[in-house]
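1. output the structure for:
(4 chains)
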There are 2 protein chains.
Amino acid sequence: MPSSLKAHTECTATHTPTLKAACSQCGLKELCLPVGLNQSEIERLDNLVGDRRKLRRGEHLYRTEDHFEAIYAIKTGFFKTDLLTEDGRDQVTGFQMTGDLLGLDGISADKHSCNAVALEDSEVCPIPFANLEHFASEIRSLQSHFHRLMSREIVRDQGVMMLLGKMRAEERLAAFLLNLSQRFNSRGFSPAEFHLRMTRDEIGSYLGMKLETVSRCFSRFQDEGLISVQQKHIRLLDIPRLKALMSR
Amino acid sequence: MPSSLKAHTECTATHTPTLKAACSQCGLKELCLPVGLNQSEIERLDNLVGDRRKLRRGEHLYRTEDHFEAIYAIKTGFFKTDLLTEDGRDQVTGFQMTGDLLGLDGISADKHSCNAVALEDSEVCPIPFANLEHFASEIRSLQSHFHRLMSREIVRDQGVMMLLGKMRAEERLAAFLLNLSQRFNSRGFSPAEFHLRMTRDEIGSYLGMKLETVSRCFSRFQDEGLISVQQKHIRLLDIPRLKALMSR
DNA sequence: CGCAGTTTTGATTCATCTCAATTTGTGTGG
DNA sequence: CCACACAAATTGAGATGAATCAAAACTGCG
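-> Alright, predicted model coming up:
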């Protein structure tokens, strides 16, 4: 599967070893920004997207307060976004994977309101926002799709509020695992077996619980035969029962 | 203050007693969708906005699963949005007041993902979304402003995640009061004295705590001289100390 | 191979929830 | 306009889920 995501060779005539992004050649057409565009429109997108950018594990794609200029489509890899308060508390606000968009937070004030960090070596396609708005006003389907994507982010956030506001620790973790499962599945990976890219601490931060509690819940799930855990390797053994756990 | 917000008389030639919305005449020009538009652009907005709709306290503007067709600018009044799970748990996801926009959640799937309920008699200006997208692609400043508004919603939601994920009950309530204070202030009302339109239960639902805990926190704040509470009437007596409370 | 970071597990504490009773406020109809 | 019924808010006592503190085990990286 990852082989189809390997970097293309450069396609500019220059000698710089940049990786020209090319939506028209990309395996993520059905998942990413081009959804719903026809062939010629996708080709116009190619001109819009900047050179691909590679990040090593742990590297920041952007930081809070950075000037906003582009949103980023994840070509390969895995990210987290987080907020930091003055008094040092850190809240993970999301985990993003292949095909997801990063940076929408920056539009509102021309600067980013959170940090985006690669949790594994990754590659992103920067989409300069000025260009995107320009094309969006010409290509109605692009405009419409972009609006849907922003709205989807709002809906997603509502779900997280429900999670944080109303669920108990076990329910949160079950919801989290099922969400990952579903997202891996829609990207062609196994929904029942996957590798966590984040630490227990990061999971805990996202779910509003301490890392010890995350660990204890994993253990309890395992004891009950719901999942199998070996460090970061997770297997979901009883998805129906996990789902049932959520509606208590 | 409310007198300037009183309903205009109808301005159509028909005999139906509808209230034609007119951004160009509205006192909320600086707060609402028209921000940043010039006079002639605002006049074009007038044609875009549908007839004003009145809601009584307790009435739904829309419900989860309702077909999405318009977003709504709040002309007067106060709303909450909330989600309901199958097993009956209810999460308030936001409180909206004059000048705020409602309905952005519906764009992503052509149907609403939450309920919007008036917490007092209110009036909204419906903006049919198809029209809005059409005008947005013609008026760049409208397009740009609309994107900022959606992004602001995303940023706001991140703040709520921080609140729910990392703060203790007292901090949440302090943050909540300060947020209301700031929003009333920017609408020309007193930042230090206001009337809560929602119940303790709704505050608790929003902040991820039980109504009894909300009530206890109010009492404690009052004992400590931070605020004065008489049912729904709140006076903030020591804003700096309330702020300090948040960064513990 | 050893060390640092991560994870697991245990014992204890604490914040918030739950259950319950009382007070206060509000809307309706006589 | 008052009285009644119902909804909302306050307060207390006790239960509990998750946090905290602490130590040990595991992992993988240099």
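
2. pretty sure A:V117 sits against A:L84.
-> No. Using Cβ atoms under 8 Å, A:V117 is not in contact with A:L84, being 11.6 Å away. In this view, the C-beta of every residue, glycine as well, is placed from N, C-alpha and C.

3. pick out whichever of the two has more residues nearby.
-> Set A:V117 next to A:L84 and count neighbours by other Cβ atoms under 10 Å in any protein chain shown: A:V117 wins out with 21 against 14.

4. quick one: low-confidence residue ranges for chain A.
-> A:1-19, A:248 (pLDDT under 70).

5. per the annotation, how does it divide into domains?
-> A:2-163, A:167-246 (automatic domain parsing).

6. which one, of those, ends up nearest to DNA strand D?
-> domain A:167-246 (3.2 Å; Cβ to the nearest atom of the strand).

7. off-centre distance for the closest one?
-> How far domain A:167-246 lies from its chain's middle: 17 Å, per Cα atoms, centre = their mean, to the nearest Å.

8. run through the residues that contact A:E59.
-> Neighbouring residues of A:E59 by Cβ atoms under 8 Å, 6 or more residues apart in numbering or on different chains: A:V117, A:A118.

9. so which bits of stretch A:50-68 are buried?
-> Of all the residues in stretch A:50-68, those buried under the rule 16 or more other Cβ atoms under 10 Å in any protein chain shown are A:G50, A:R52, A:R53, A:L55, A:L61, A:Y62, A:T64, A:D66, A:F68.

10. for it, the distance to its chain's centre please.
-> 14 Å.

11. please apply the same query to stretch A:130-144.
-> Here the centre of stretch A:130-144 is set off from its chain's centre by 22 Å, with Cα atoms, centre = their mean.

12. same question for stretch A:117-124.
-> Using Cα atoms, centre = their mean, the offset of stretch A:117-124 from its chain centre is 10 Å.

13. ends of it, how far apart?
-> 12 Å (Cα to Cα, to the nearest Å).

14. what is the host helix or strand of A:F95 packed up against?
-> Using DSSP states H and E, A:F95 falls within strand A:90-97. Secondary-structure packing of strand A:90-97 (3 or more Cβ pairs under 8 Å, 6 or more residues apart in numbering or on different chains; DSSP states H and E): strand A:78-84, helix A:140-166, helix A:169-186, helix A:200-207, helix B:140-166.

15. which residue is the nearest non-sequential neighbour of the spatially most central residue of chain A?
-> Residue closest to the average C-alpha location in chain A (Cα atoms, centre = their mean): A:Q96, at 1.3 Å. Closest residue to A:Q96 apart from its sequence neighbours, by Cβ to Cβ, 6 or more residues apart in numbering or on different chains: A:F79 at 4.4 Å.

16. partners of the one you found in the sheet?
-> A:F79 has these beta-bridge partners by DSSP bridges: A:Q96, A:A118.

17. near DNA strand C, which residues of chain A show up?
-> Chain A comes close to DNA strand C at residues A:199-201, A:211-212, A:214-216, A:218-219, A:229, A:231-232, as judged by Cβ under 7 Å from any atom of the strand.

18. among the residues you listed, which one has the most neighbours?
-> Using other Cβ under 10 Å as the neighbour test, those are led by A:V214, with 23 neighbours.

19. right, and it touches A:S205 too?
-> No. Using Cβ under 8 Å, A:V214 is not in contact with A:S205; the gap is 9.6 Å.

20. quick revisit: now do the contacts for the residue nearest to A:Q96.
-> Contacts of A:F79 by Cβ under 8 Å, 6+ apart are A:L61, A:F95, A:Q96, A:M97, A:D100, A:L102, A:A116, A:V117, A:A118, A:L119, A:S122.
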